[in-house]
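Enquirer: Sequence unavailable; structure follows:
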Ligand code: IMP
Ligand code: MG
């Protein structure tokens, strides 16, 4: 069975995500960001970032938007710890308030890498927003400033996140149903 044919069990549905995005936007507004630049970490955060940006607009913020494409090398579903820049931001970040947006805070290495990079380039403040946080998985010390949901320690897909390049298009976050065998799915 190909991964595309597998079923995905819903963990966080569209309505819950939409509601939480509006709440996050209020929390971000309360941090009084100035000259705000939203930096979305590709690929996994593209859908979250798009919805969060619209929520930020609704609360009256007018951020500029940038993208950084980072790759944290993974063996199957396990992170190896190295982070590489596949595409860098193009705007000047010096002196600006930056909101770094990522999909999941797991080991923390991706967010720490990106935050350090932006601080080293002279950002005034780097706030971090993640859709999901998996507690107890941190390899480096970092707390996100804004967290959508606490996520159970399972591999999730959808709403921008993938398993073997599948499921990014799903409008909700869920778990791939592996009950019907095929344990080597992630090893091509
Ligand atoms: P960290 O650097 O270990 O915090 O890893 C975070 C990155 O790993 C996220 O930005 C995701 O791209 C990816 N990741 C971690 N857990 C999952 C998961 O359950 N599903 C999909 N991607 C994940
Ligand atoms: Mg990612």
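Expert: Received the coordinates, thanks. Bear in mind the structure is a predicted one, so any value in this text is a computation, not a measurement. Numbering: from 1, shown residues only. Ligands and ions are numbered 1, 2, ... in the order given.

Enquirer: drop to CA atoms for contacts and neighbour counts, all remaining ones
Expert: Noted.

Enquirer: need the residues of the chain near ligand 1, please.
Expert: Where the chain comes near ligand 1, counting by C-alpha under 6 Å from any ligand atom, the residues are 44, 79, 102-110, 154-157, 161-162.

Enquirer: Apply 8 Å and report the result again.
Expert: Proximity of the chain to ligand 1 is confined to 41, 43-45, 71-72, 77-79, 81, 83, 102-111, 134, 137-139, 153-157, 161-163 under the rule C-alpha under 8 Å from any ligand atom.

Enquirer: Put the buried members of those into a PyMOL selection.
Expert: Applied in PyMOL, the following selects the buried portion of the residues of the chain next to ligand 1 according to 16 or more other C-alpha atoms under 10 Å:
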select buried, resi 41+43+44+45+71+83+102+103+104+105+106+107+108+109+110+111+134+156+157+161+162+163
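
Enquirer: thought residue 35 was touching residue 96?
Expert: Yes. Under the contact definition of C-alpha atoms under 8 Å, residue 35 touches residue 96, with a separation of 5.7 Å.

Enquirer: which ones among the residues of the chain next to ligand 1 are found in strands?
Expert: Per DSSP state E, strands hold the following members of the residues of the chain next to ligand 1: 41, 71-72, 78-79, 81, 83, 102-105, 156-157.

Enquirer: other SSEs contacting the helix or strand of the chain with the lowest mean pLDDT?
Expert: For the chain, counting by mean pLDDT, DSSP states H and E, strand 78-87 ranks last in confidence among helices and strands (a mean of 82). In terms of contacts (3 or more C-alpha pairs under 8 Å, 6 or more residues apart in numbering; DSSP states H and E), strand 78-87 is packed against strand 64-75, helix 109-120.

Enquirer: and residue 133, bridged to which residues?
Expert: Here residue 133 sits in beta bridges with residue 105, residue 150, as judged by DSSP bridges.

Enquirer: Residue 70 pairs with what?
Expert: Taking DSSP bridges, one finds residue 85 as the beta-bridge partners of residue 70.

Enquirer: For it, grab the count of nearby residues.
Expert: Residue 70 sits with 20 neighbouring residues when counted by other C-alpha atoms under 10 Å.

Enquirer: residues touching it, list them.
Expert: Residues in contact with residue 70, defined by C-alpha atoms under 8 Å, 6 or more residues apart in numbering, are 41-43, 83-87, 110.

Enquirer: Tell me the buried residues in stretch 14-25?
Expert: For stretch 14-25, burial by neighbour count (16+ other C-alpha under 10 Å) applies to 17-18, 20-25.

Enquirer: So which of these sit within helices?
Expert: Within the buried residues of stretch 14-25, residues falling in helices by DSSP state H are 17-18, 20-25.

Enquirer: and which of the residues you listed is nearest ligand 1?
Expert: Using C-alpha to the nearest ligand atom, residue 17 is the member of those that lies nearest ligand 1, at 16.3 Å.

Enquirer: Report the central residue of the chain.
Expert: Here the mean C-alpha position of the chain is nearest to the C-alpha of residue 103 (C-alpha atoms, centre = their mean), at a distance of 1.5 Å.
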